[in-house]
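In: Give the three-dimensional model of this entry:
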Amino acid sequence: MELRDPASPEDGDPEEDTAATLQRLVELTAARVTPVRSLRVPYCLLRRLGSGSYGRVLLARPRRGGPVVALKLLRRDSVLRATFLREFCVGRCVSSHPGLLRTLEGPLQTPRHFAFPQEYAPCGDLSGMLQERGLPELLVKRVAAQLAGALDFLHSRGLVHADVKPDNILVFDAACSRVALGDLGLTRPEGSPTPAPPGPLPSAPPELCLLLPPDTLPLRPALDSWGLGVLLFCAATAGFPWDVALAPDPEFEAFASWMTSRPRPPRPPPPWAQFAPPALELLRGLLDLDPETRSPPLAVLDFLGEAWGLEGSGEGPGGLGIPSGEEGAEGGSSLEEWTDEEEDKGGERMGTDGGTP
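Out: Numbers count the residues shown, from 1 in each chain. Predicted coordinates:
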């Protein structure tokens, strides 16, 4: 079963069709969740990859054999079962695209957690690659092209990712020959009501930052375009352009003034002056203050052949301190004696590698 392309000429509203199809998948999948007393029954738990407010991600090897996986855990006291099932179902539906992290079969539940396996990205997430300086131009363009394709794939199926940021970009090799957009926990059908962010988020667009609870906005692909624009700035500079896309943030105010001045000043604010004109044109489109005229993600493809002015940034793939494969994948603190009771104790015995699928 596949989420329907919103451009399909079939009768019915595409937003409703996507939401209805996803709900049907959730209902069908609910009966396929396998209860286990402990994750140690189906998996050999190797080490922690990352953690967040709702759970964590563990590196694990299936006891029945096969490659290691990134096992995503969601705490049952913090996440609704329907939310877990929706994230799993969306992941399964879009896993055919190489720019999206593959969700694997086998949803589980323990007394404390919901869990499902995903493919393991040996080089962690993009934020781990960004040190004092941004990536070389070639790598930024590779990341841009792959994410543009992944977002277009999601949008063509009536879905909006709604959480595009460096932490959610998984890296498979030091040259960024493959990166994948992960964490579909906030992915929803287009048109779903979307509240204001819970706090200041540098990747959130101004139309969301301006919301006051309990107001909501219908979820649109333009939100992902904005997230992609902010992410490309991060990849090129190793920093966010602002703390929040809202006055009185001085960096955002300077950017917004430059964007809205007529005629536009010949030079952009200092953080943006490092970009060559083609890159500035791309970023202006993705970061258009008006979501109605914001460029779609695939606009990236029109600028890949132009110079972006980033030739001197970064150190190149060899100097980023990123592993080139799965060497040491089973290193770190062993979790073989880890129990479900220890899941909520902060994982003091776990090693980390900074990757958060």
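In: relative to its centroid, which residue of the protein is most remote?
Out: residue 263 (35.9 Å; CA atoms, centre = their mean).
In: show me the contacts for that one.
Out: Shown in contact with residue 263 (CB atoms under 8 Å, 6 or more residues apart in numbering): no residues. C-beta here means a position set from N, CA and C on the backbone, and glycine is covered the same way.
In: Would you mind measuring from it to residue 50?
Out: 46 Å (CB to CB, to the nearest Å).
In: now swap in residue 293 and tell me
Out: Distance, residue 293 to residue 50, using CB to CB: 36 Å.
In: These two - which one has more neighbours?
Out: For residue 293 versus residue 50, neighbours defined as other CB atoms under 10 Å are more numerous around residue 50 (19 against 9).
In: which non-adjacent residue is nearest the spatially most central residue of the chain?
Out: Here the mean C-alpha position of the chain is nearest to the C-alpha of residue 168 (CA atoms, centre = their mean), at a distance of 3.2 Å. Spatially, and ignoring its direct neighbours in sequence, residue 168 is nearest to residue 183 (4.4 Å; CB to CB, 6 or more residues apart in numbering).
In: First-to-last residue distance for stretch 53-69?
Out: Stretch 53-69 has an end-to-end distance of 21 Å (CA to CA, to the nearest Å).
In: How about stretch 101-112?
Out: End to end - CA to CA - stretch 101-112 spans 25 Å.
In: If you count neighbours, what's buried in that stretch?
Out: Buried residues in stretch 101-112, counted by 16 or more other CB atoms under 10 Å: 101-104, 106-110, 112.
In: What of stretch 150-159?
Out: Applying 16+ other CB under 10 Å to stretch 150-159 flags 150-155, 157-159 as buried.
In: Next, format those as a markdown table and append secondary structure and distance to residue 237.
Out: As requested, those are arranged in a markdown table below (DSSP: H, G, I helix; E, B strand; the rest coil; distance: CB to CB, whole Å):
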| residue | secondary structure | distance to residue 237 |
| --- | --- | --- |
| 150 | helix | 22 |
| 151 | helix | 21 |
| 152 | helix | 25 |
| 153 | helix | 27 |
| 154 | helix | 26 |
| 155 | helix | 26 |
| 157 | coil | 32 |
| 158 | coil | 33 |
| 159 | strand | 29 |
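In: and those residues, which two are the farthest apart?
Out: 150 and 158 (15.0 Å; CB to CB).
In: Show me the strands in the stretch 151-300 of the chain, by range?
Out: 159-160, 169-171, 179-181, 188-189, 193-195, 216-218 (DSSP state E, counting those that start in this stretch).
In: Please identify the pairing partners of the first one and their relative orientation?
Out: Based on DSSP bridges, the pairing partners of strand 159-160 within the sheet are strand 188-189 (antiparallel).
In: neighbouring contacts of the partner strand?
Out: Contacts with strand 188-189, where a contact means CB under 8 Å, 6+ apart, come from 15, 18-19, 22, 158-160, 162, 194, 219.
In: what's near enough to touch the closest residue to residue 233 other than its chain neighbours?
Out: Among residues not flanking residue 233 along the chain, residue 241 sits closest, at 5.0 Å (CB to CB, 6+ apart). Counting by CB under 8 Å, 6+ apart, residue 241 touches 202, 230, 233, 251-252, 255, 271-272.
In: how about 10 Å then?
Out: When contacts are counted by CB atoms under 10 Å, 6 or more residues apart in numbering, residue 241 is found next to 202-203, 229-230, 233-234, 249, 251-252, 254-255, 269, 271-272, 283, 287.
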